[in-house]
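Student: based on what follows, work out the 3D shape:
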Amino acid sequence: MVTTTSSISTCLVLALLAASDVLTPIQKGGQKDKEKKGGASAKTTAEVPFVPWRGNLADARTSAKERNVPILIHIILEGEEQNDEYRDKILPEPELRKRSLNALVIVSNRGQHEKKRIDVVVDGEKLQREVCAVFPMFAACQEHQAAWDEIYLEYREEDGDMKCPQTVVLTPDGKQSGRINTASVPEPGEIGALVVEAIAKAGPGLTEDQLALVKKSLEEGRRAAASQTWTLAWRAWSAVLAITQKSPYADEARGEEPKAVAGLQAELERIGSLLVPGTAAKGYEALMKFRDEATGTPIEKDIAARIKKTESDRVIQPELKAWRLSAEADVLLREATTLFDANDAKKGEKAVRKLLGARFASTGAQDTAKKLWPAIAADVEAGGK
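Tutor: The predicted structure is shown next:
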């Protein structure tokens, strides 16, 4: 059907509903009859998520580019037989919905309809929702009207007419990838093939949730790099690349990741410069902490090799031995404090007496224990066990 559109008002831009708010209709009578006739069952359709875009075309293009996903546009005229057939045949078709999961889908119709209440299940809870009576995937008609003006201006004929129903598929960069402009109802598979082709050309895309996570990781990476916290920076860039390899975000992470690795190497060298007599204990402590922080990073093996080399260096062994003894005493002090805080005086006293032994005489933890538990310290000095 061909229509001429004139004086179309500017449509509202509404936010995309969260995927967790997909409406799952409650099944009612007549279902078995539909299945026997070979039609798409409502249950099968409901199992395939369908969250169409609820904003304008310009914002859809921006989102599609960010997510690296194609755009599938269904253009449906109001109150025409073939358009109604397109709406009822194409939109609920399960296989097409599956193929469209990795695309941004626009259902564009300029009609104004009554509302109806439907039973839905949201996160397992049965609720009632008020929706557009003709396009129940939308809460209000403004949502399916939002892109109409832009779509009409872009896809009308030279004489101002626009064929409807019409299907357009755009690549993530906004270029036309496919179009069915016959003013008739195509087969769902014909549309699905255009979508699959566009997805294959684009490569892996991002869901809205993945996009949010990627943006969050990028921001964390930038902050960490600015503060030269290289382990956090590397993990942030790696988190981005684990989600996407083909996007502007991946390009940024891929470019920044080597800088983070270089920063990690520089930190290892800085710590290594302390592993000499006089600062060996301080350096070894920093090295062990760095090992824990950098687990899983590209320099994990380099750190392990440096630890092995350090622990075989006889020149600094006395300092390392003193550090290990002090670290062991600190563990005992924390254990004793925790036990007394938990009102387990018997086990707490046992830990304190162990800490007050001759083995830990040179440690700061023992000095602290004497101040915290003077009665036990006095008994130990008097020969008590």
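Student: residue 85 and residue 186, how far apart?
Tutor: Counting by C-beta to C-beta, to the nearest Å, the separation of residue 85 from residue 186 is 11 Å. Just so you know, the C-beta spots here come from the backbone N, C-alpha and C atoms, and that holds for glycine as well.
Student: okay, these two: which has more neighbours?
Tutor: Summary of the neighbour comparison: residue 85 and residue 186, criterion other C-beta atoms under 10 Å, with residue 186 having more neighbours (16 against 13).
Student: what sits against that one?
Tutor: Under the criterion of C-beta atoms under 8 Å, 6 or more residues apart in numbering, the contact partners of residue 186 comprise 90, 167, 180.
Student: remind me what the strand or helix carrying residue 210 packs against, helices and strands.
Tutor: Secondary structure here is read from DSSP states H and E; on that basis residue 210 sits in helix 208-226. Contact analysis of helix 208-226 by 3 or more C-beta pairs under 8 Å, 6 or more residues apart in numbering; DSSP states H and E lists helix 57-67, helix 230-243, helix 248-272 as its packing neighbours.
Student: list of residues touching whatever helix or strand comes next after the first one?
Tutor: In the C-terminal direction, the helix or strand that comes right after helix 57-67 (DSSP H and E) is strand 71-75. Judged by C-beta under 8 Å, 6+ apart, the contacts made with strand 71-75 from elsewhere in the structure are 60-61, 64, 86, 90-91, 100, 103-109, 147, 151, 155, 162, 164-170, 174, 191, 194-195.
Student: separation between residue 133 and residue 114?
Tutor: Summarising the geometry, the distance separating residue 133 from residue 114, computed by C-beta to C-beta, is 5 Å.
Student: of these two, who's got more company?
Tutor: The residue with more neighbours, out of residue 133 and residue 114, is residue 133; 13 against 8, by other C-beta under 10 Å.
Student: which parts of the stretch 251-385 of the chain are helices?
Tutor: With DSSP state H, counting those that start in this stretch applied, the stretch 251-385 of the chain shows helices at 280-293, 300-311, 317-341, 345-355, 364-372, 374-381, listed in chain order.
Student: now the stretch 101-250 of the chain
Tutor: The residue ranges that make up the helices of the stretch 101-250 of the chain, judged by DSSP H, counting those that start in this stretch, are 141-145, 148-155, 188-202, 208-226, 230-243, 248-272.
Student: ok, now how distant is the most far-flung residue of the chain relative to its centre from residue 356?
Tutor: In the chain, the greatest distance from the average C-alpha position (C-alpha atoms, centre = their mean) is reached by residue 382, at 62.6 Å. Remark: distance between residue 382 and residue 356 (C-beta to C-beta) = 12 Å.
Student: go on, residue 72?
Tutor: In this view, residue 72 and residue 356 are 75 Å apart by C-beta to C-beta.
Student: looking at these two, which is more packed in?
Tutor: Looking at residue 72 and residue 356 with other C-beta under 10 Å, you find the greater number of neighbours at residue 72, namely 27 against 22.
Student: how much space between that one and residue 192?
Tutor: With distances defined as C-beta to C-beta, the gap from residue 72 to residue 192 amounts to 10 Å.
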